[in-house]
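> Return atomic coordinates for the entry below.
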Amino acid sequence: MVQDFRAPTLRPRLTWSAARCVGVAPLLVVLTVIGAASGCSGGKVVRVVDDVEVPGRFISDVAYAAYARGAEHEARGQYAEGLAAYAQAAASDPGSVEAWTRVGALQCRLDREDEAGVAFAEARDIDEDYEPLWRARALCAERRGDRSAALVAAKRAVGLDPERDETVLLYVRLLDADGQTEPAGRWLRALAILSPSKLPVWEALEAQARRGQDELWTRHAATQVRRLRERLGQRRPVASDRSPWQLVDDALLAGDIVAARRYVRQARLDPRLLPARAILLGHTALAAAEAEVRIDADPADTDTRLALALAADLLGQGDRTSRRMGTLPATVAPLTEVGRLMLGELLLRHLGPAAAAQWLGRPISAGVEGINELRQRLREALQPLGGNR
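Numbering: from 1, shown residues only. Predicted coordinates for the structure are as follows:
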């Protein structure tokens, strides 16, 4: 267990969620534990929000691990299994608005509307101002074809957190479907100004502008989309007798991320692995910076979000995690073994070996020995992907 842990200061708009140990995004519960101000020990929990110590409730390792398993099942589309895990989390921690919200969301995905309503009511009784609850209710209403109820819930969600990309994009989609194209366009343009480097925002704005035959905004948005898509553009191949991943690692060791990206592109390697490889090579700051770039390019990349959380944690910059965790698409990429191991290290560092073992399904040593074990497994998970390709 982590003791005497002082959490990073939060941005003001995130303080609404700081009084909980379990986080705001289903796949990223541990990330918000690290980046959004929590520290758990055996008896009581003390969080620091804007330099004010706030006592809170203890959350068991069982609840954390069950929630994480639910998130992984959900990402893989295994909704029945995810529901069972989230239900276990809710049973272990009945005061968790996050767990009840995900129970309701997956009941909805399984077309169990009555059960979903019960779970959402439980969540609302705990915290009626929890934005992900209203977003989940909006998605549920949209799924069953109740556009009016979906709009009401989405409007409440966006009112609670108007800077969250995923929530605004949902609200815009519902406004467009309801024929309210003018307010939808205003919301999108405002979001594009607030999130100038977010590709999904500009793609949505371009599509909306084309539908509305707005030539000026179509041209501007298309330019931004093209620029962002080319941000990691291809370069001409460079002849070498070294393997592509060796070239990548050489570039990372030299701190040359541009060259590393180029080698990845020209050999058609997986660019999502760059931040994890940089962490293993000891270039933590570079790993965090590259992870931020990749999250902007692909918000659904959960492995990269975990790489950012781990790198930021190692740098003592948990606020970087908070800033980037606000937007999680409705559909995300399942965690790979690389992501699972990075999440395991975060659990080990902040909740102890029992939580890490619950997540990974095998015993983990405490302290530095356990971290070294996980780093070795991470190295092995990355190695087959490098090879001599």
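
> And for residue 209, the neighbour number?
Around residue 209 there are 21 other residues, counting by other CB atoms under 10 Å. (Each C-beta comes from the backbone N, C-alpha and C, glycine too.)

> if I pick it, what's in contact with it?
By CB atoms under 8 Å, 6 or more residues apart in numbering, residue 209 lies in contact with 185, 217, 218, 221.

> Backbone torsions only: list them for the third one.
The phi and psi torsions at residue 218 (degrees, to the nearest 10) take the values phi -60, psi -50.

> ok, now which ones touch it?
Contacts here follow CB under 8 Å, 6+ apart; on that basis residue 218 touches 206, 209, 210.

> just checking, what's the longest helix in the protein?
The residue-count maximum for a helix in the chain (DSSP state H) belongs to helix 367-386.

> Which strands and helices lie in contact with that one?
Counting contacts by 3 or more CB pairs under 8 Å, 6 or more residues apart in numbering; DSSP states H and E, helix 367-386 packs against helix 244-253, helix 274-280, helix 337-351, helix 353-360.

> how about TSV for these, with mean pLDDT added?
Formatted as TSV, the helices and strands packed on helix 367-386 follow (pLDDT from 0 to 100):
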stretch	mean pLDDT
helix 244-253	80
helix 274-280	90
helix 337-351	89
helix 353-360	87
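
> can those helices go into a markdown table with extra columns for mean neighbour count?
Below are the helices and strands packed on helix 367-386 laid out as a markdown table (neighbours: other CB atoms under 10 Å):
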| stretch | mean neighbour count |
| --- | --- |
| helix 244-253 | 19 |
| helix 274-280 | 25 |
| helix 337-351 | 24 |
| helix 353-360 | 22 |
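
> counting contacts, what elements does the helix or strand residue 263 falls within pack onto?
Counting by DSSP states H and E, the element that carries residue 263 is helix 257-266. Helix 257-266 sits against helix 244-253, helix 274-280, helix 284-297, with contacts defined as 3+ CB pairs under 8 Å, 6+ apart.

> for those, which one sits closest to residue 227?
Evaluated with CB to CB, these place helix 284-297 nearest to residue 227, the distance being 11.6 Å.

> tell me the angle that closest one makes with helix 244-253.
110 degrees (axes from the mean of the first three to the mean of the last three CA atoms, to 10 degrees).

> quick check: mean pLDDT across helix 284-297?
Across helix 284-297, pLDDT averages out at 87.

> can you check stretch 257-268 too?
Mean predicted lDDT for stretch 257-268 stands at 78.

> list the buried ones in that stretch?
257, 259, 260, 261, 262, 263, 264 (16 or more other CB atoms under 10 Å).

> likewise stretch 106-120?
Going by neighbour count (16+ other CB under 10 Å), the buried part of stretch 106-120 is 106, 107, 108, 109, 115, 116, 119, 120.

> Just the terminal-to-terminal distance for it.
Stretch 106-120 has an end-to-end distance of 11 Å (CA to CA, to the nearest Å).

> Which residues does that stretch contact?
Contacts of stretch 106-120 (CB under 8 Å, 6+ apart): 70, 74, 79-80, 82-83, 86, 90, 100-101, 103-105, 133, 136-137, 139-140, 143-144.

> which stretch of helix or strand covers residue 84?
helix 79-92.

> Other residues contacting that helix?
By CB under 8 Å, 6+ apart, the list of residues contacting helix 79-92 reads 22, 60, 62-64, 66-67, 69-74, 96, 99-100, 102-103, 106-107, 109-110, 119, 122.
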